[in-house]
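J.: Would you be able to build a 3D model of this:
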Amino acid sequence: MISVLVVEDEEITAEANRIYVEQAPGFQVAGVARSGGEALRFLRRTPVDLILLDLYLPDLHGLEVCRAARAGGLLCDVIAITSARDLAMVRSAVSLGVSQYLLKPFTRAALMEKLARYARFKEESRQIVGQSDVDRVLGALKGSTELPKGLSRDTLDTVAAEVRGHPEGLPAQAVGEAIGVSRVTARRYLEHLVELGMAIRVPRYGAVGRPELLYRIPMES
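T.: Reported below is the predicted structural model:
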């Protein structure tokens, strides 16, 4: 079993993350810490494989927790969770050994995907003989970043931003009109967001007939 320390200062979010981790095959929660100091004290007495680490904590920044853990010889892996979209922070996180980065708000599916990648990484890393094995192991963490043919990263980000700005959800037609593409094109991007675990489909029932399908990005934080 892969042991995990959940580090999150908000009680409801910490409990949700704990439940999600426990639901992931092959994972178990070793503990939950509500501050950076509590996390470091826990790690000194109970080694874990992975830290699910919120970066904004009441006493220490999450990157300081990483730095202190590394200085203390604690080599556990880290999935950083934050709402920050700061390239400099991402670079700092990578330099401190953060293996994956999960942006808030995220869905349960998005977290489960990160955990599944980490589980594959742990499994693959048991059999390293040559360069191809190293490449395969690192690829297990990164996953595929290639978009389906015909989709662009900029438009995907624009679609996600438009949906995120409407917590109640939007139909493909409304998204297309807002960003200047056809309903069919908007739907392709929306369906890709669903496949990534970033968005969900929500039926809206109105007049008699088929319900209208809305796309929504859950505000989990």
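
J.: Ends of stretch 38-54, what's the gap?
T.: 13 Å (C-alpha to C-alpha, to the nearest Å).

J.: Tell me the buried residues in it?
T.: Within stretch 38-54, the residues that qualify as buried are Glu38, Ala39, Leu40, Phe42, Leu43, Val48, Asp49, Leu50, Ile51, Leu52, Leu53, Asp54, counting by 16 or more other C-beta atoms under 10 Å. Just so you know, the C-beta spots here come from the backbone N, C-alpha and C atoms, and that holds for glycine as well.

J.: Also stretch 211-220?
T.: Glu212, Leu214, Tyr215, Arg216, Ile217, Pro218.

J.: Show residues contacting it.
T.: By C-beta atoms under 8 Å, 6 or more residues apart in numbering, the residues outside stretch 211-220 that reach it are 13, 16, 104-108, 160, 163-164, 166-172, 175, 190, 193-194, 198-206.

J.: Give the rounded mean pLDDT of that stretch.
T.: The average of the pLDDT scores along stretch 211-220 is 80.

J.: Show me the domain layout of this structure.
T.: The record's domain parsing of the chain by automatic domain parsing lists 2-142, 153-216.

J.: those helices in the chain, which residues are they?
T.: 11-23, 36-45, 62-71, 87-95, 108-124, 131-142, 153-164, 172-179, 183-195 (DSSP state H).

J.: So which of the ones you listed is nearest Leu5?
T.: Comparing the helices of the chain by their distance to Leu5 (C-beta to C-beta), the top pick is helix 36-45, with 6.1 Å.

J.: residues making contact with that closest one?
T.: Outside helix 36-45, the residues touching it (C-beta under 8 Å, 6+ apart) are 5, 7, 31, 33, 51, 53, 57, 59-62, 64-65, 68-69, 72, 74, 76.

J.: Show only the entries of the residues you listed found in strands.
T.: Leu5, Val7, Gly31, Ala33, Ile51, Leu53 (DSSP state E).

J.: What subset of the contacts of helix 36-45 is buried?
T.: 5, 7, 31, 33, 51, 53, 57, 60, 62, 65, 68-69, 74, 76.

J.: is it possible to export the residues you listed to JSON lines including distance to Gly150 and pLDDT?
T.: Shown next, in JSON lines, are the buried ones among the contacts of helix 36-45 (distance: C-beta to C-beta, whole Å; pLDDT from 0 to 100):
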{"residue": "Leu5", "distance to Gly150": "41", "pLDDT": "97"}
{"residue": "Val7", "distance to Gly150": "40", "pLDDT": "97"}
{"residue": "Gly31", "distance to Gly150": "45", "pLDDT": "97"}
{"residue": "Ala33", "distance to Gly150": "44", "pLDDT": "97"}
{"residue": "Ile51", "distance to Gly150": "38", "pLDDT": "96"}
{"residue": "Leu53", "distance to Gly150": "36", "pLDDT": "95"}
{"residue": "Leu57", "distance to Gly150": "42", "pLDDT": "94"}
{"residue": "Leu60", "distance to Gly150": "45", "pLDDT": "93"}
{"residue": "Gly62", "distance to Gly150": "37", "pLDDT": "92"}
{"residue": "Val65", "distance to Gly150": "42", "pLDDT": "94"}
{"residue": "Ala68", "distance to Gly150": "46", "pLDDT": "93"}
{"residue": "Ala69", "distance to Gly150": "43", "pLDDT": "92"}
{"residue": "Leu74", "distance to Gly150": "45", "pLDDT": "87"}
{"residue": "Cys76", "distance to Gly150": "40", "pLDDT": "88"}
